[in-house]
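Q: Pasting the sequence and the predicted coordinates here, then a few questions.
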Amino acid sequence: MSETIVDLAKAGKLNAISCMTGMPGWHEDSLLLRTVPPHVQIGLHLTLTGERPLTPMPELAPRGVLPDINTLQRRAARWNLPFGEIADEIRAQFAAFVQAMGRAPDFVDGHQHAHALPGIREIVLAEVACRAPQSWVRACSDRLSSMVQRPFLGKAIGSSFHTRGFRRAAAAYGIATNDSFGGHYDFARDYAGLFHRFLRGGRGMHLVMCHPGAGTRADDTIAGARCREAETLIKLPIADMAARAGMAFPGRAEGRRGSVARRSEGQFHCAAAHVAAASGRAAG
């Protein structure tokens, strides 16, 4: 999966890559990131669901595996979480990124959007403000008027509902976010036929999540979708599509890493999760 993502970035099809630093292959795969063009943003994909944590978490992961997203959402809604354990795990994942990359991440997001859940978001934003104040964080919500223009409205509304208030919380810490967010679909549909719809209703810094990969893992439940996404992205004239939607797709001409966080009007960013993903679960 990591090689596929890096190849797409080199081809100018992705301009943001999100990294799961708790995965066993992280340090080896982080070496691949040294070969991507300098405009490509490298971010931290905080992982609090479905994987093995880096730190002991006897309450949240008593059997050594983090809970599924539905369990985490229910507990977050009741503020019934071991926030001390979560804070230690988030710090460990930050430290693993810095150890491998020698710098702070350009942005921070989360597997299955867990970084933006109530209670967890406060920990994440405090750590970003301390460790990576120039970074931006992924907001997973959008205006209803924008979401209705894109596919799979129900999934988009669900993401917005569970993470409502996140932009306001980030602003209180002085942390930037993307202005709009797309990319929801069911992993079974024609990705090539859907992609242009992900750009509809975008404003400011518009972020589209994607999940490309080689699809070689036997336990990967969305292996077919990963292959279709990779095959589609390499063929699509993404910069031209963004221009037709009234947006610029920052690419090789933009030069220095860090340009994504300058929230100029009409930017579009295609972010892939994840480098060093060892799980067969859906990215997000």
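A: Sure thing, it's come through.
Q: what about the protein, any weak spots by pLDDT?
A: Where the chain drops to pLDDT under 70, the residues are 1, 215-221, 251-284.
Q: residue closest to the middle of it?
A: With distances taken as CA atoms, centre = their mean, residue 109 lies nearest the centre of the chain, 4.7 Å away.
Q: can you give me the helices for the stretch 151-284 of the chain?
A: 153-162, 166-172, 191-198, 223-235, 238-244 (DSSP state H, counting those that start in this stretch).
Q: on that earlier part again, for residue 193, see how far away the residue nearest to the centre of the chain is.
A: For residue 109, the distance to residue 193 (CB to CB, to the nearest Å) stands at 26 Å. The C-beta positions use only the backbone N, C-alpha and C, and glycine is treated the same way.
Q: list the contacts for the closest residue to residue 126 other than its chain neighbours?
A: Nearest residue to residue 126, sequence neighbours excluded (CB to CB, 6 or more residues apart in numbering): residue 173, at 7.2 Å. Going by CB atoms under 8 Å, 6 or more residues apart in numbering, residue 173 touches 125, 126, 128, 129.
Q: For those residues, pick the one with the most neighbours.
A: residue 128 (26 neighbours; other CB atoms under 10 Å).
Q: isn't that one right up against residue 134?
A: No - counting by CB atoms under 8 Å, residue 128 stays clear of residue 134, with 9.6 Å between them.
Q: could I have stretch 196-214 exported to CSV, CA atoms only?
A: Provided in CSV are the C-alpha atoms of stretch 196-214 (Å, rounded to 0.1, in the frame of the first residue of the first chain):
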residue,chain,number,x,y,z
HIS,A,196,-15.6,14.5,-10.0
ARG,A,197,-18.6,14.6,-7.6
PHE,A,198,-16.3,14.7,-4.6
LEU,A,199,-15.2,18.2,-5.9
ARG,A,200,-18.6,19.7,-5.9
GLY,A,201,-19.4,22.3,-3.3
GLY,A,202,-15.8,22.7,-2.3
ARG,A,203,-14.7,26.0,-0.8
GLY,A,204,-11.5,27.4,0.6
MET,A,205,-9.2,24.5,1.3
HIS,A,206,-11.2,21.5,0.1
LEU,A,207,-10.0,18.1,1.2
VAL,A,208,-10.8,14.8,-0.5
MET,A,209,-9.9,11.6,1.3
CYS,A,210,-8.9,8.5,-0.6
HIS,A,211,-7.6,5.0,0.1
PRO,A,212,-5.4,3.8,-2.8
GLY,A,213,-3.3,0.7,-2.5
ALA,A,214,-2.1,-2.5,-4.2
